[in-house]
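Engineer: what's the 3D shape of this:
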Amino acid sequence: QAVPAGSHVRLNLQTGEREAKLPESEDGKSETREERRRKRYPGGELGKVDVDANSFTSQELKKALAKMKESEKAERKVKEVRKKFRPIEQLKEEFEKLNVKMETDYEIMVQLISKFNSSASTLADKVAALYDLEYYVHQV
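Structural biologist: Residues are numbered from 1 along each chain as shown. Now for the predicted structure:
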């Protein structure tokens, strides 16, 4: 169950139940919602506050709008970066046209492991494969 903001909540270990208590004011009485609102907005800085759960204050709307603008800026930055770089699939196609085979680190590591596990490899080949594999694993 939802409890008002500022409530004191605890778990009673004897009964296993959660208990909530409204915060007390200086005179020992629990504050009402209206009293807490007055403390939060002294002098009615925000004007009348609509207590309807579906409405928002002007400050909340301004914050939401600022977040939307920030996300739009981030999307623009992503688009700018994508314009500067090309996808790896496109690069592979272009290198194939130039008769250059581009391999990822993963593909090279798979080849080195198969070379190490191959019974046809000599001891020197296996040692060289391990050294090269160590380099690639260190990068990961």
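Engineer: Tell me how the chain divides into domains.
Structural biologist: Following the TED database, the chain resolves into domains at 55-99, 103-137.
Engineer: Which one of those domains lies nearest to Glu19?
Structural biologist: With distances scored as CB to CB, the stretch of the domains of the chain nearest to Glu19 is domain 55-99 (30.6 Å). The C-beta positions use only the backbone N, C-alpha and C, and glycine is treated the same way.
Engineer: quick one: the closest one to chain centroid distance?
Structural biologist: Distance of domain 55-99 from its chain centroid, counting by CA atoms, centre = their mean, to the nearest Å, is 16 Å.
Engineer: how about the helices in this structure?
Structural biologist: Secondary structure of the chain, counting by DSSP state H: helices at 33-40, 58-84, 88-97, 105-117, 123-139.
Engineer: Looking at those helices, which one is packed in the most?
Structural biologist: For the helices of the chain, ranked by mean neighbour count under the definition mean count of other CB atoms under 10 Å, the leader is helix 105-117 at a mean of 14.
Engineer: what's next to it, contact-wise?
Structural biologist: Counting by CB atoms under 8 Å, 6 or more residues apart in numbering, the neighbours of helix 105-117 from elsewhere in the structure are 103, 121, 125-126, 129-130, 132-133, 136-137, 139-140.
Engineer: on that earlier part again, distance to Pro4 added to the domains of the chain, as TSV?
Structural biologist: What follows is those, written out as TSV (distance: least, CB to CB, whole Å):
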stretch	distance to Pro4
domain 55-99	17
domain 103-137	54
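Engineer: Comparing those domains by mean pLDDT, which bottoms out?
Structural biologist: In terms of average pLDDT, domain 55-99 trails the rest of those, at a mean of 82.
Engineer: got a markdown table for the helices of the chain, with distance to Leu22 too?
Structural biologist: A markdown table is the format used below for those (distance: least, CB to CB, whole Å):
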| stretch | distance to Leu22 |
| --- | --- |
| helix 33-40 | 9 |
| helix 58-84 | 24 |
| helix 88-97 | 59 |
| helix 105-117 | 59 |
| helix 123-139 | 57 |
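Engineer: To Val9, which of those lies closest?
Structural biologist: Distances from Val9 to each of the helices of the chain were compared by CB to CB, and the smallest falls on helix 33-40, at 16.2 Å.
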